[in-house]
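Undergrad: I would like to see how this sequence folds:
(one chain, ligands or ions: 1)
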Amino acid sequence: MNEDQKRRVADAPPAYRGIIRRAYDPRAVSWTNAIRAFCLQCTGYVRKDIRDCTAPACPLWAYRPYQTDDEPEEGPELVAGPAATGLPAPQNASGEVPS
Ligand code: SF4
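TA: Sure thing, here's the model as predicted:
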């Protein structure tokens, strides 16, 4: 994790630090968690603003988390891998796909 990433983890509210940390960890990242982290950062960590997001032109809009009130804070880990999304597998900085 580089210094900018460490700062983003430290700046996140405690309840969301695990999500942000996993988004930067090539051994733990999933598309689900990466999108969750991005939307949280986009809204300043306001779940309601993600659910009520008014930017349907955003490429992540259909995949944004917290569309229902019953989604847990942390959410399931590694539930939507490449097979579920049709997207290529996440890669680390060396272009390797984490196992
Ligand atoms: S879907 Fe909405 S909350 Fe998520 S990144 Fe796009 S604009 Fe931001």
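
Undergrad: Give me the phi and psi for the nearest residue to Met1 once chain neighbours are set aside.
TA: Closest residue to Met1 apart from its sequence neighbours, by CB to CB, 6 or more residues apart in numbering: Tyr24 at 5.0 Å. Any C-beta I mention is one placed from the backbone N, CA and C, and that applies to glycine too. Main-chain torsions, Tyr24, degrees, to the nearest 10: phi -100, psi 0.

Undergrad: Please look at Tyr24 and Asp4 and confirm they touch.
TA: No: using CB atoms under 8 Å as the test, Tyr24 is too far from Asp4 to be in contact (9.6 Å).

Undergrad: Just give me the neighbour total for the residue nearest to Met1.
TA: Number of residues near Tyr24 (other CB atoms under 10 Å) recorded here: 17.

Undergrad: So Arg47 is in contact with Tyr66, correct?
TA: Yes: with contact defined as CB under 8 Å, Arg47 reaches Tyr66; the gap is 4.6 Å.

Undergrad: Pick out whichever of the two has more residues nearby.
TA: More crowded of Arg47 and Tyr66, by other CB under 10 Å: Tyr66, with 22 against 17.
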